[in-house]
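1. Give the three-dimensional model of this entry:
(one chain, ligands or ions: 2)
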Amino acid sequence: MKVAVLGAGAMGLRYGLLLQSAGTDVDFVEPWDKNYNKVKEQGGVFVARNGSDRHLVHVNMFKPEEYNESPDLVILFVKQMDNEKTLEASKHFLNQNTYVLTNQNGMGAVDVISKYVPRQHIIAGTAFAASILNGPGDVNVMGERGSGQVHLVNVTEQPDDFTNQVVDEFDKAGMNPSLSENYKGTLWQKLLLNSVVNTLCTLMDITMGEYQTFSEADELTSELVNEAYEVADADGVKMLKSADEMTKVIADENRRLKDHRPSMYQDMSHNRPTEVDYINGYIVKKATEHGLTAPHHEMLVKLVHLSEQMKA
Ligand SMILES: NC(=O)C1=CN([C@@H]2O[C@H](COP(=O)(O)OP(=O)(O)OC[C@H]3O[C@@H](n4cnc5c(N)ncnc54)[C@H](OP(=O)(O)O)[C@@H]3O)[C@@H](O)[C@H]2O)C=CC1
Ligand SMILES: CC(C)(CO)C(=O)C(=O)O
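-> Ligands and ions are numbered 1, 2, ... in the order given. Below you'll find the predicted structure:
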């Protein structure tokens, strides 16, 4: 299987390097010039795990305009707001046979990807895993080896042979993949985690572990989760877990990745726009569509925008 990772940032590198080390044929396609130039200059990417054992790994990296291969699978890992321009710049290597996989946080990618490949070739899902890009060509993979999880789901909810091959490749790479047949339920599970953890840790300038040490952490998590569950229910989402179980999933993830500052924090601390509109903002949008309100999530969206604007 030939894989092109489109967007060689923190998570694109995490997935691509794991697959490459398990023997999958991986190319990285990077629209971000600074990263591309740095990788070419140093002859690869510096990779560390939990800040240790930093070493150089060779990768094949191309700019979208110079990439002329026909990958079987494209793994899209740019930020949500960059999807449209990135796919437009890559459309010469996307065709009716290409599969595109997104494990990005937030909601919206599938609608954009479906302009470029058939919906039955879109593999969505979620990454219960963390990475930090220290700078161009320099990635820090968080969590113990083999501890992250990947949940994959076909947008049509009909897994085919190719999707099962992708699961096998991910399994060989130690990525702990699972394949679901519940598209929205799978994505909402991660949406909930991000709507609590990314947003609160970013606003409060704390790690996931620090949040979980707060005496009322589970109560706060539960308020946000319950509000979102009403919206999911109105939207016809079949959730994979109860609201109480989800609160526990979030607490467990906070303990597992206790030293991690979520990707939204990485953006905020570098004065970049965040993905809040695709996370809490999506919950608010869906609430409005169904004649509901989601006041806690709406407040969080405004607070993140306030902070973004103060830094701009
Ligand atoms: N990081 C994580 O732990 C996780 C992230 N995700 C999701 O994965 C997706 C990718 O995120 P992630 O890998 O964290 O982010 P990246 O490492 O790709 O991006 C971080 C930053 O790199 C720079 N950059 C990357 N691409 C470009 C570009 N084309 N042009 C200019 N600058 C660029 C920007 O910084 P600058 O402006 O400073 O140049 C950018 O904001 C997101 O949807 C995220 O939510 C999901 C699970 C975990
Ligand atoms: C919180 C986390 C690590 C969950 O996997 C994440 O999605 C992020 O950092 O954006």
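2. contact partners of the helix or strand harbouring E223?
-> Under the criterion of DSSP states H and E, E223 resides in helix 217-234. If you take CB atoms under 8 Å, 6 or more residues apart in numbering as the criterion, helix 217-234 is touched by 184, 188, 191-192, 195-196, 200, 211, 214, 239, 243-244, 246-247, 250-251, 254, 283, 286-287, 290, 292, 294-297, 300. The way it works is simple: take the backbone N, C-alpha and C, and place the C-beta from them, glycine included.
3. ok, now how distant is the residue of the stretch 51-200 of the chain found nearest ligand 2 from K34?
-> Ranked by CB to the nearest ligand atom, the top residue of the stretch 51-200 of the chain for proximity to ligand 2 is A130, at 3.5 Å. Computed with CB to CB, to the nearest Å, the distance linking A130 and K34 is 22 Å.
4. Report pLDDT for the closest residue to Q104 other than its chain neighbours.
-> If you skip the residues right next to it in sequence, Q104 has Q80 as its closest partner in space, 5.8 Å away by CB to CB, 6 or more residues apart in numbering. Predicted confidence (pLDDT) at Q80: the value is 98.
5. Please determine how far Q80 is located from K2.
-> 25 Å.
6. Ok, F46 next?
-> Between F46 and K2 the computed distance is 25 Å (CB to CB).
7. my read: V59 touches V39, true?
-> Yes. Counting by CB atoms under 8 Å, V59 touches V39, with 6.5 Å between them.
8. Overlap in contacts, the two.
-> 8, 28, 45.
9. What backbone torsions are found at the first one?
-> When you say that, I think you mean A8. Here the main-chain torsion angles of A8 (degrees, to the nearest 10) amount to phi -100, psi 50.
10. Please report the distance of it from ligand 2.
-> Computed with CB to the nearest ligand atom, to the nearest Å, the distance linking A8 and ligand 2 is 17 Å.
11. check contacts around that residue.
-> Going by CB under 8 Å, 6+ apart, A8 touches 16, 28-30, 32, 35-36, 39, 45, 59, 61, 77.
12. Go again with 6 Å.
-> In this structure, A8 makes contact with 28, 30, 35, judged by CB atoms under 6 Å, 6 or more residues apart in numbering.
13. So which of those residues wins on neighbours?
-> If you count neighbours using other CB atoms under 10 Å, the busiest of the contacts of A8 is E30, which has 28 neighbours.
14. What separation is there between that one and R54?
-> Going from E30 to R54 by CB to CB gives 20 Å.
15. again with T213
-> Taking CB to CB as the measure, T213 falls 29 Å from R54.
16. What of P71?
-> For P71, the distance to R54 (CB to CB) stands at 29 Å.
17. How about A130?
-> Between A130 and R54 the distance is 17 Å, computed by CB to CB.
18. just Q96 next, same as before
-> Here the criterion is CB to CB. By it, Q96 lies 42 Å from R54.
19. helix/strand/coil for L101?
-> When the structure is split into helix, strand and coil by DSSP: H, G, I helix; E, B strand; the rest coil, L101 lands in strand.
20. Which pLDDT value does the model give it?
-> 99.
21. which residues sit in contact with it?
-> Under the contact definition (CB under 6 Å, 6+ apart), the residues listed for L101 are 75, 123.
22. go again using 8 Å as the cut-off
-> Under the criterion of CB under 8 Å, 6+ apart, the neighbours of L101 are 73-76, 122-125, 152, 166.
23. circling back to that earlier point, quick one, which of Q80 and K2 is more surrounded?
-> Set side by side, Q80 and K2 give different neighbour counts by other CB under 10 Å, the larger being at Q80 (21 against 13).
24. got the residues of this structure near ligand 2?
-> For the chain, the contact set with ligand 2 under CB under 6 Å from any ligand atom comprises 105, 127-130, 193-194, 197-198, 257, 260, 262-263.
25. Show only the entries of the residues you listed found in strands.
-> Using DSSP state E, 127-128, 130 are the members of these that sit in strands.
26. Contacting ligand 1 as well, which ones from these?
-> Restricting these to those touching ligand 1 (CB under 6 Å from any ligand atom) yields 127, 130.
27. Now flag whichever of the ones in strands among the residues of the chain next to ligand 2 is closest to T156.
-> Lowest distance from T156 to these (CB to CB) belongs to A127, with 21.0 Å.
28. That closest one: neighbour count?
-> Using other CB under 10 Å, A127 has 20 other residues around it.
29. tell me the contacts of it?
-> Contacts here follow CB under 8 Å, 6+ apart; on that basis A127 touches 11, 15, 103, 105, 148-150, 190.
30. Keep only those of the residues you listed that are in helices.
-> Secondary structure defined by DSSP state H assigns 11, 15, 190 of the contacts of A127 to helices.
31. do you know how far V47 is from G148?
-> When distance is defined by CB to CB, V47 is 15 Å away from G148.
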